[in-house]
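# Okay, structure incoming, though there's no sequence with it:
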């Protein structure tokens, strides 16, 4: 039986005698009523003063003041682990993997030590913010989370730091594309590579797993992104140094700096907060292809200020200007006509630059590389890095320019040209190149001649020399004309053979009859090929056959030569006159003139 039921039974048993005595008192006479009234009052007092709250709740009733005092004591000394509020706890013990935190609960809480990587100096007694992660794990342990507590408050702290431009501390976790991931108040923030330092970063790994100070520069609330910068903190200090340096800059001033960055066009040098550029042409008196050939990153060098703009934001520096110009040390033995040797450093379409000494170059124009009048590219004669000999053609020490020649080291082939190539002599040459009016033939190195298109063949009508020849072909030529002063040779190819028209003048004399095939029919007549050299024209009026019909393409018939011109290389034939004595009507003089003009135009 429960305690409550037992209590009720006792009360009932107590009340039963009282009821019995009441009944007995009611049967007595009137004088006996005074004691009954006294007993009734005692019962009422008992019921009125009875602690019904203790009877029902099992505890004494407390007033509101006592309850509030009790709640304050509970709130001060005990923690409710059932809600998600952030709790402040104290570190009471550290193990290799875990941190033990006292939060004034029934038991201490445990947090993984990984959540405190950003704070390697954590020690016993430190106050930390936590949140209850698991009230009881499998082993009954209270599990806390410092990371979750930090995240809850992180955004408020990040926004506050951004608004007030405060410096925050973060832990560099790892590398990522374009920069680093930094833990700031438990939030993963992005640190761009360009915002790590004022100097270009070549080794990002040197910053991982380190605590650094940062400034929150950008927050994207929509995507929950935070961007921080370490460079912004450095720039503030550098800006003060920069103002001091800029105020003292003067042209010609020599300063010491550090090679900060290299590009294909020059080197950026840190002068102690101010950057200057050394153009690649101001690095060395010698020609270089890239600054890395003479400098290294982070190398300390001395430079001279060459120029700067009005606000001194762009500073031009020089390195080679700290040494004497090589031309000032050029010896007197180098003069016009002297022989020099050097290395090919640059090749252009118009020639090659030869370095005869450090910082001293001369130009060999392509026309001075060979005696040939047929100009070619300089790459046909030399390559970069070749060591060659040349003759000084001109020298200007003031403007520091030198012209060199290579062909002067060999004899000019035109010196005895009249003996080697007299007019009328026959030679063999190579086809070098074509033009619309002829072809150039190289007889030997430095000796070129021109064959006009009309001197290629006695019989063929050639519109372009490439129809008759190909490059590098070997052909026989005859010297037709020689201009020693102008260095020009006129050559002929058809002159190496007899003129077939001398022979054809007899074979195809007027009134001779020949048999051949109609090669082509045109508006005014037909073309007949007697052989590879001779073609004849048969006017339309001379194409009538015996039956009155016209000759057609492909028909083989006899033709009578009615006109032969050696001068104009023209042959006119007639089929009509082979079977009829009647001559066709004569053409008008104007038509004959037109035919002659047409023939001349064809020739």
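Structure's in. What do you need? As the structure is a computational prediction, the values presented were derived from the model and not from experiment.

# where does the stretch 201-350 of the chain have low pLDDT?
Where the stretch 201-350 of the chain drops to pLDDT under 70, the residues are 240, 244, 310-313.

# Where do the domain boundaries of the chain fall?
What automatic domain parsing lists as the domains of the chain is 3-57, 76-150, 165-234, 248-322, 326-409, 417-496, 500-602.

# Which among these is found nearest to residue 156?
domain 165-234 (9.1 Å; CB to CB). C-betas here are computed from N, CA, C, even on glycine.

# And that closest one, end to end?
14 Å (CA to CA, to the nearest Å).

# so residue 557 makes contact with residue 526?
No. Using CB atoms under 8 Å, residue 557 is not in contact with residue 526, being 10.0 Å away.

# Let me see the ranges of the helices in the stretch 401-550 of the chain.
In the stretch 401-550 of the chain, the helices defined using DSSP state H, counting those that start in this stretch lie at 417-420, 500-507.

# Now do the buried residues in the first one.
By neighbour count on 16 or more other CB atoms under 10 Å, the buried set for helix 417-420 is residue 417.

# which residues touch it?
Helix 417-420 has contacts (CB atoms under 8 Å, 6 or more residues apart in numbering) with 413, 447, 482, 484.

# now that helix, how far from the chain's geometric center?
On the basis of CA atoms, centre = their mean, to the nearest Å, helix 417-420 sits 59 Å off its chain's mean C-alpha point.

# Then the last one?
Here the centre of helix 500-507 is set off from its chain's centre by 72 Å, with CA atoms, centre = their mean.

# what does it contact?
458, 459, 533, 534, 564, 566, 569.

# Mark which of the residues you listed are buried, thanks.
Counted by 16+ other CB under 10 Å, the contacts of helix 500-507 give 458, 534, 564, 569 as buried.

# how about the residues you listed, which pair is most distant?
458 and 564, at 15.3 Å, using CB to CB across the buried ones among the contacts of helix 500-507.

# Please, where are all the strands along the stretch 301-450 of the chain?
315-318, 339-348, 351-357, 360-365, 387-396, 401-405, 426-434, 438-444, 447-452 (DSSP state E, counting those that start in this stretch).

# Who does the fifth one pair with, and is each partner parallel or antiparallel?
It stands for strand 387-396. Strand pairing for strand 387-396, determined by DSSP bridges: strand 339-348 (antiparallel), strand 401-405 (antiparallel).

# The last one too?
Paired strands of strand 447-452, with direction, are strand 438-444 (antiparallel), strand 488-492 (parallel) (DSSP bridges).

# go on, the fourth one?
For strand 360-365, sheet partners with direction are given as strand 351-357 (antiparallel), strand 401-405 (parallel), following DSSP bridges.

# list the buried ones in the one helix or strand residue 238 maps to?
According to DSSP states H and E, residue 238 maps onto helix 231-246. Buried residues in helix 231-246, counting neighbours by 16+ other CB under 10 Å, are found at 231, 232, 234, 235, 238, 242, 245, 246.

# where's the third one relative to residue 212, distance?
So the one you mean is residue 234. According to CB to CB, to the nearest Å, residue 234 stands 11 Å off from residue 212.

# now do the first one
Taking CB to CB as the criterion, residue 231 is separated from residue 212 by 11 Å.

# what comes into contact with the helix holding residue 238?
Here helix 231-246 has contacts from 167, 194-198, 213-215, 217, 271-274, 312, using CB under 8 Å, 6+ apart.

# Weed out the non-buried ones from the residues you listed.
195, 196, 198, 214, 215, 217, 271, 273, 274.

# from those, which ones fall inside strands?
Residues of the buried ones among the contacts of helix 231-246 located in strands (DSSP state E): 214, 215, 217.

# which one among these gets closest to residue 188?
Of those, the one sitting nearest to residue 188 (CB to CB) turns out to be residue 214, at 12.9 Å.

# Touching, residue 430 and residue 469? I think so.
No. Applying CB under 8 Å as the test, residue 430 and residue 469 come out as separate, 10.4 Å apart.

# which one of the strands paired with strand 360-365 lies closest to residue 121?
Of all those, it is strand 351-357 that lies closest to residue 121, at 61.7 Å by CB to CB.

# quick one: which helix or strand includes residue 162?
Residue 162 belongs to helix 146-164 when elements are defined using DSSP H and E.

# on contacts alone, who are the packing partners of the helix or strand following that helix?
Once the chain leaves helix 146-164, the next helix or strand it forms, by DSSP H and E, is strand 167-176. Packing partners of strand 167-176 (3 or more CB pairs under 8 Å, 6 or more residues apart in numbering; DSSP states H and E): helix 146-164, strand 179-184, strand 187-192, strand 210-220.

# Show me the least confident stretch of those, going by mean pLDDT.
Lowest mean pLDDT within the helices and strands packed on strand 167-176: helix 146-164, at a mean of 82.
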